[in-house]
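J.: Sequence first, then the predicted structure:
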Amino acid sequence: MRVLKFGGTSVGTPERFRNLPRLIGRETPAVVVLSALSGTTDKLERMASALEEGRKDLFGSLLAELEQVYAAFVYKLFESGEIYQAARHFTEEHLARLRTLAASPFSRDAAAEILAQGELLSTGLLRCLLRSLGTDFRYLYAPDLIVKDEDGMVDMDHLEKTLKEELAKSPGTEIFITQGFICSNDKGFIDTLGRGGSDLTASLIGAVLEAEEIQIWTDVDGVHNNDPRVVETTRPVPVLSYEEADELAYFGAKVLHPACVFPAHRRNIPLRIKNTLNPEAPGTLIHARRDGSSIKAVAAKDGITAIRIRSTRMLNAYGFLRKVFEVFERYKTPIDMISTSEVSVSLTIDDRSRLPEIAEELKRYGMVEIDEEQSIVCVVGDFMAERPGLVRHVFNALKDIPVRMISYGGSMNNVSLLLHSKDKETALKALHHHLFLNRPIHHVN
Ligand code: ASP
Ligand code: MG
């Protein structure tokens with residue numbers, strides 16, 4: 001069994017949508033996880049905010065836009081006949097549900113249900129399409145399978161049990177389809193896994209089924225070795241280890257949801273990134289093997305805040321770091337990078353929502369300095385100890401750029417550098433030039 005996840009751009013036009021059965025047909029037996037058509041979740045999110053702000057007029061105009069998009073989409077997909085009528089009826093029903101939700105007082109649950117309509121619409125359309133082709137398949141409703149507990153963790157035992165039961169009900173069936181991103185919460189209401197969460201759905205499903213492979217179908221030829229929006233000559237990376245992919249997904253590569261590598265890694269299921277616009281391209285394979293072939297890719301994450309706490313009391317003292325960490329824990333704010341000296345500690349966060357309270361509390365332990373508009377540039381690869389000199393290439397590339405913080409050695413898979421966001425572009429270009437264009441580092445022994 002394989003798990004195939006198709007992202008929003010892979011299903012975003014009627015032509016691409018029509019191509020799905022062919023792509024799926026090459027990979028069966030498969031569980032197909034679908035995202036909403038590209039642009040839909042953004043719009044639904046804006047609709048939910050409009051309701052929260054009491055702006056019903058804005059909600060109404062966004063809904064009218066969605067209605068137009070789907071009417072045109074369904075028409076281009078099916079044109080006429082019974083299936084066209086069924087698809088039209090079905091999309092209108094879901095869009096009408098949005099109107100009903102808008103009529104009641106705003107709540108978090110209503111907002112989640114609004115967001116969920118995108119995936120319900122796209123899977124409904126795929127259902128109609130497969131039916132029109134006479135293809136045998138079974139439809140699975142993701143909120144029955146993916147259930148979060150009160151801490152927001154997915155109940156893996158429930159997923160494994162219910163999914164296997166569902167599959168066993170249709171022994172000859174080769175195609176199962178379900179929604180990415182949506183789930184139910186501990187109270188039984190429809191909920192989501194957070195933006196970009198369809199990758200995570202696919203990885204969770206692949207893990208419990210011990211799938212042969214989890215394929216993430218998107219609109220690029222895999223994970224690129226640098227940010228294609230900044231650097232011109234980026235290339236897809238053919239193979240990454242789980243650890244490398246994890247760092248890249250977390251520190252900025254947009255192709256993968258940051259949490260999606262972990263479930264696959266735990267059960268050792270290969271993940272493959274494929275391009276719907278170029279299905280013959282090999283894409284990027286993410287698996288357990290570490291090939292030791294040095295530096296693989298560079299990625300960057302913006303919107304980082306750096307905090308430095310300087311304390312003379314830290315000299316020879318213990319318990320200082322614990323107190324600092326406890327402040328972040330109290331405000332549920334994750335720390336990304338950290339570096340310490342004898343008298344001070346620097347760390348970074350990307351969620352600034354509780355920064356004022358955090359800064360206030362930290363002042364009890366020392367002098368606090370805050371730098372905003374920082375970016376983390378992360379160089380990922382296999383920096384094994386027996387390969388001396390690899391890190392030197394990174395520093396050589398950045399010799400003219402002020403670096404605020406460096407983190408190396410947490411794993412042997414990345415060097416992270418913190419710099420001002422205004423220097424990010426220069427840094428990415430310099431690293432690219434130095435690591436991937438000028439030096440044949442991939443082949444250094
Ligand atoms: N449709 C959702 C989003 O846009 C989930 C996903 O595509 O992964 O965030
Ligand atoms: Mg995505």
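T.: In hand now; what should we look at? Ligands and ions are numbered 1, 2, ... in the order given.
J.: touching ligand 2 at all, stretch 115-126?
T.: No: residues of stretch 115-126 contacting ligand 2 under C-beta under 5 Å from the ion: none, with a closest distance of 12.4 Å. (Glycine included, C-beta is placed from N, CA and C.)
J.: Unless I misread the structure, R229 falls within a helix.
T.: No: if the criterion is DSSP: H, G, I helix; E, B strand; the rest coil, then R229 is coil and not within a helix.
J.: gap between it and ligand 1?
T.: In this structure, R229 and ligand 1 are 18 Å apart, going by C-beta to the nearest ligand atom, to the nearest Å.
J.: Can you pull the phi and psi angles for that residue?
T.: Main-chain torsions, R229, degrees, to the nearest 10: phi -80, psi -20.
J.: for the protein, what spans make up the helices?
T.: 14-25, 40-52, 56-78, 81-103, 108-133, 142-145, 156-169, 198-208, 242-250, 261-266, 320-330, 355-362, 390-397, 424-431 (DSSP state H).
J.: Does H434 touch N396 like I think?
T.: Yes: if you go by C-beta atoms under 8 Å, H434 and N396 touch, sitting 6.3 Å apart.
J.: who has more neighbours, these two?
T.: H434 (19 against 13; other C-beta atoms under 10 Å).
J.: what's the average pLDDT for stretch 377-389?
T.: The average pLDDT for stretch 377-389 rounds to 78.
J.: quick one: buried residues of that stretch?
T.: Across stretch 377-389, burial judged by 16 or more other C-beta atoms under 10 Å covers 377-383, 387.
J.: next one: stretch 197-217
T.: Those would be 197-209, 211, 213-217, for stretch 197-217 by 16+ other C-beta under 10 Å.
J.: residues in contact with I83?
T.: 128-129, 131-132 (C-beta atoms under 8 Å, 6 or more residues apart in numbering).
J.: Show me the two of those that sit farthest apart.
T.: L129 and R131 (7.2 Å; C-beta to C-beta).
J.: what about the residue nearest to L121 when sequence neighbours are not counted, distance to L58?
T.: Counting by C-beta to C-beta, 6 or more residues apart in numbering, L121 lies nearest to H94, which is 5.4 Å off, once chain neighbours are set aside. From H94 across to L58, the span is 20 Å (C-beta to C-beta, to the nearest Å).
J.: And the helix-or-strand element of the chain with minimal mean pLDDT, what's buried?
T.: Of all helical and strand segments in the chain, the minimum by mean pLDDT, DSSP states H and E falls on helix 390-397, at a mean of 87. Buried residues in helix 390-397, defined by neighbour count with 16+ other C-beta under 10 Å: 390-391, 393-394, 397.
J.: Equivalent analysis for stretch 337-354, please.
T.: 337, 339, 344-349, 354.
J.: Looking at the buried residues of helix 390-397, which one is closest to ligand 2?
T.: Of all the buried residues of helix 390-397, V394 has the smallest distance to ligand 2: 28.2 Å, by C-beta to the ion.
J.: which of the buried residues of stretch 197-217 are close to ligand 1?
T.: Contacts with ligand 1 within these, counted by C-beta under 6 Å from any ligand atom: 197-198.
J.: which of the buried residues of stretch 197-217 come close to ligand 2?
T.: Among the buried residues of stretch 197-217, not one lies near ligand 2 by C-beta under 5 Å from the ion.
J.: For N226, the count of nearby residues, please.
T.: When neighbours are defined as other C-beta under 10 Å, N226 has 23 of them.
J.: Show me which residues of the stretch 1-150 of the chain are close to ligand 2?
T.: G7.
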